[in-house]
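Asker: Any chance you can model this:
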Amino acid sequence: MCAAVLGFECVVLGLMTPVLIMVESVSRGVGLAIGLGLAAAALLTAALLRFEAAYVAGFGLQVAAIGVGFLVPVMFALGLIFGALWTAAYVLGRKIEQQQAARLPG
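Answerer: Here you go, the predicted model:
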């Protein structure tokens, strides 16, 4: 579930790049670095979810997405939504893993 959240977030962060450059008048280099950098980070984090550190990085990515709201105000709302989805996926995933571990014999 966490990988799906990061996949959708990657798309949103990538599509935020033209908004940064064209609408919010952020310089092209900075806009590309922020938008595509965060999108790439989301994709890389999704690929590394077999490691516990990737989940911590995922929470950091949510904070960064909310922080972009200072440049693109709608990202405050979208960042909070993705943060809530990430947290829910993380908590539910842990709960499912615990239930599966309890069912295993031995």
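
Asker: quick one: least confident helix or strand in this protein?
Answerer: Ranked by mean pLDDT, DSSP states H and E, the helix or strand of the chain with the weakest confidence is helix 74-103, at a mean of 94.

Asker: So which elements touch that one?
Answerer: The helices and strands touching helix 74-103, judged by 3 or more C-beta pairs under 8 Å, 6 or more residues apart in numbering; DSSP states H and E, are helix 2-18, helix 52-67. To be clear about C-beta, it is placed using only N, CA and C from the backbone, and glycine gets the same treatment.

Asker: and for the last one, what are the contacting residues?
Answerer: Pointing back at helix 52-67 there. Outside helix 52-67, the residues that touch it by C-beta atoms under 8 Å, 6 or more residues apart in numbering are 2, 6, 9, 13, 38, 41-42, 45, 48-49, 75-76, 78-80, 82-83, 86-87, 90.

Asker: for the first one, same thing?
Answerer: Where contact means C-beta under 8 Å, 6+ apart, the residues beyond helix 2-18 that reach it are 31-32, 34-36, 38-39, 42-43, 45-46, 49, 55, 58, 61, 65, 68, 72, 75, 78, 82, 85-86, 89-90, 93.

Asker: Brilliant, that's me finished.
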